[in-house]
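1. Just the structure for this:
(chains A and B)
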Protein chains: 2
Amino acid sequence: MEFWYDFASTYSYPAAMRIEELAGQAGVAIEWRPFLLGPLFQRQGWNDSPFNIYPARGRYMWRDLERICARNGLPFRRPTGFPRHSVLAARVASLDETGAVLPALTRALFRANFAEDRDIGVPEVVGQVLAELRREAPGLPDPARLLARAVEPGNKERLRARTEEAWEAGLFGAPSFVVDGELFWGQDRLEEAFAWTRGDRPVAAGGR
Amino acid sequence: MEFWYDFASTYSYPAAMRIEELAGQAGVAIEWRPFLLGPLFQRQGWNDSPFNIYPARGRYMWRDLERICARNGLPFRRPTGFPRHSVLAARVASLDETGAVLPALTRALFRANFAEDRDIGVPEVVGQVLAELRREAPGLPDPARLLARAVEPGNKERLRARTEEAWEAGLFGAPSFVVDGELFWGQDRLEEAFAWTRGDRPVAAGGR
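-> Below you'll find the model as predicted:
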C-alpha cells in the first residue's frame, strides 16, 4: 500500500501514527510517500490551505482532529501556525539516507508539528528532530549533513517528481492511500484501504 | 440526532438510506432536516458543486460513492445531470403535510436521483415520486396539492430559515449530523455520531 502524506497536513498526522499497527495486523508492506500538497492545491486554485480559505470547514477540522486524536490516544496540540512550511521536512524525508528510518522520522516530524507545536518549517527545528531521532537510530547520518543534502538540486528534483506523480495518480489531498491503483483519501479510509488489500472489493477495480 | 441533508448531495444518499437502521439499533430518534447546500456553497465562494469545480475531487467522489453503495448493498446509477436542482424537493420535504412520511419521502427522492437517474428538479418527476409514495402511505395528500403548497411563500421562507439555521450551526456541507451541539460531517461519520449519543465522547463537548 502506498501512503501519501504531507507534513503540514492535519489528517495525515493520525494516519502516520496509526498505519504501521494496521499494516502489521494486515501483513501489508507500506510504501511511505512524502510529497507536497501545496503544488496540488495551487492547481486547484488555492494559495493557502482550504482549511484557512473556508473558515467553517477549518473550524470543523480542528474539532474533528481533536476528537480523532482523543479516540486514538494520540497527543494533540493545535499548532500556533498553520500550515507549517513542510518543504524542508519533505525533502529530508525524501533522502536515500533516511529510507531505513522513514517511518520513525515521519512520526517524529508529525509529532513535532501536531503534538509539540514546534515549527518544522525552520531548519534548526528539523535538525533537532533529526538529532533526537539519532539517539534511537544511531545509523542515521549527522543532522547537519542531512539538512545540507536535502537542499541539493537532485533531491529537490526528486521531491518535485514525486509530487508530480501524486497528481498523475489522481491525488488531490492528503493523506491518500493507493492499493493496486485504487485511491482512498482521508485517514478515516485507512481500514477500507486495508480491506481492499485483502481482496474485499465490493466493486470492480479501476474506473476512476 | 439532527440529520441535515440536501437532495442533490451525493454522500447524503447513503446516509439517508442507512440512518434509520442505525438509529433503531441505538434507540435514538432522528430529526430529519432537509436544507439547501447551494446558499452555503455560495457563501464559500462556489457557484457550482465543489465536485464540479475541482475535477480531481469529483472523479474521486464518484468512485468513492460507487464503493460505498456497493459495500452497503445500495443501488447506484450515476446521475446524467449533477447537481440536480434540489430546491423543489427540499420545499416539498419541508411541508407539514409530509412530516409523518418524511423518512420514506426522503429515501424515495434520493433513490430517484441516485439509483434511478430521474431529474428531481422537474415538478412532474417530484409529483411522480409523491404518487408512488402515496400507494404505500395513503394518508399523504394529493401530489398536485403538495406541489402547490410547496411553493407558497410561507413554506419557501421556512426552508430559507432552516438553511440559515444550518449555517449558524456551523454546517458547511452535507450530510451533517448534530448531537448536543456537536457537529459530524460526512456519511462515514454516522457511526461516530451515534457513539456520541451513547456518551462515548473522547473529548469534552463544545469547543467548535
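
2. And the helices in chain A, which stretches?
-> In chain A, the helices defined using DSSP state H lie at A:12-26, A:37-43, A:50-53, A:55-71, A:87-93, A:102-114, A:123-136, A:143-150, A:153-168, A:190-197.

3. Which one of those helices lies nearest to chain B?
-> Chain B lies closest to helix A:55-71 among these, at 3.5 Å (Cβ to the nearest Cβ). For the C-beta atoms, the positions are set from N, CA and C on the backbone; glycine is no exception.

4. okay, the helices of chain A in JSON lines with mean pLDDT next?
-> Conversion of the helices of chain A to JSON lines gives the following (pLDDT from 0 to 100):
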{"stretch": "helix A:12-26", "mean pLDDT": "97"}
{"stretch": "helix A:37-43", "mean pLDDT": "94"}
{"stretch": "helix A:50-53", "mean pLDDT": "93"}
{"stretch": "helix A:55-71", "mean pLDDT": "96"}
{"stretch": "helix A:87-93", "mean pLDDT": "98"}
{"stretch": "helix A:102-114", "mean pLDDT": "98"}
{"stretch": "helix A:123-136", "mean pLDDT": "97"}
{"stretch": "helix A:143-150", "mean pLDDT": "98"}
{"stretch": "helix A:153-168", "mean pLDDT": "97"}
{"stretch": "helix A:190-197", "mean pLDDT": "97"}
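
5. how about those helices in TSV, adding mean neighbour count and distance to A:Phe184?
-> Listed next are these as TSV, based on neighbours: other Cβ atoms under 10 Å in any protein chain shown; distance: least, Cβ to Cβ, whole Å:
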stretch	mean neighbour count	distance to A:Phe184
helix A:12-26	19	10
helix A:37-43	17	16
helix A:50-53	16	19
helix A:55-71	18	16
helix A:87-93	24	21
helix A:102-114	22	18
helix A:123-136	16	28
helix A:143-150	17	29
helix A:153-168	14	14
helix A:190-197	19	4
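
6. Can I get those in TSV including distance to B:Phe114?
-> Formatted as TSV, the helices of chain A follow (distance: least, Cβ to Cβ, whole Å):
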stretch	distance to B:Phe114
helix A:12-26	29
helix A:37-43	28
helix A:50-53	26
helix A:55-71	24
helix A:87-93	39
helix A:102-114	37
helix A:123-136	47
helix A:143-150	48
helix A:153-168	29
helix A:190-197	20
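
7. okay, the ones you listed in JSON lines with distance to chain B next?
-> Output for the helices of chain A, formatted as JSON lines (distance: least, Cβ to the nearest Cβ, whole Å):
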{"stretch": "helix A:12-26", "distance to chain B": "12"}
{"stretch": "helix A:37-43", "distance to chain B": "8"}
{"stretch": "helix A:50-53", "distance to chain B": "8"}
{"stretch": "helix A:55-71", "distance to chain B": "4"}
{"stretch": "helix A:87-93", "distance to chain B": "20"}
{"stretch": "helix A:102-114", "distance to chain B": "15"}
{"stretch": "helix A:123-136", "distance to chain B": "27"}
{"stretch": "helix A:143-150", "distance to chain B": "28"}
{"stretch": "helix A:153-168", "distance to chain B": "8"}
{"stretch": "helix A:190-197", "distance to chain B": "8"}
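
8. Go through these and name the closest to B:Ser86.
-> Among the helices of chain A, the nearest to B:Ser86 by Cβ to Cβ is helix A:55-71 (20.0 Å).

9. Dump that closest one to PDB, restricted to CA.
-> Extracted in PDB, the C-alpha atoms of helix A:55-71 (Å, rounded to 0.1, in the frame of the first residue of the first chain):
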ATOM      1  CA  PRO A  55     -13.300  29.100   7.900                       C
ATOM      2  CA  ALA A  56     -16.400  26.900   8.600                       C
ATOM      3  CA  ARG A  57     -14.600  23.900   7.200                       C
ATOM      4  CA  GLY A  58     -11.400  24.800   9.200                       C
ATOM      5  CA  ARG A  59     -13.300  25.200  12.500                       C
ATOM      6  CA  TYR A  60     -14.800  21.800  12.000                       C
ATOM      7  CA  MET A  61     -11.500  20.200  11.000                       C
ATOM      8  CA  TRP A  62      -9.700  21.300  14.200                       C
ATOM      9  CA  ARG A  63     -12.500  19.900  16.400                       C
ATOM     10  CA  ASP A  64     -12.700  16.700  14.300                       C
ATOM     11  CA  LEU A  65      -8.900  16.300  14.600                       C
ATOM     12  CA  GLU A  66      -9.100  16.700  18.300                       C
ATOM     13  CA  ARG A  67     -11.800  14.000  18.500                       C
ATOM     14  CA  ILE A  68      -9.800  11.600  16.300                       C
ATOM     15  CA  CYS A  69      -6.600  12.100  18.300                       C
ATOM     16  CA  ALA A  70      -8.500  11.600  21.600                       C
ATOM     17  CA  ARG A  71     -10.200   8.500  20.200                       C
END
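
10. outside of it, which residues touch it?
-> Helix A:55-71 has contacts (Cβ atoms under 8 Å, 6 or more residues apart in numbering or on different chains) with A:10-11, A:13-14, A:49-52, A:74-76, A:78, A:187-188, B:44, B:167, B:170-173, B:183, B:185, B:192, B:202-203, B:207-208.
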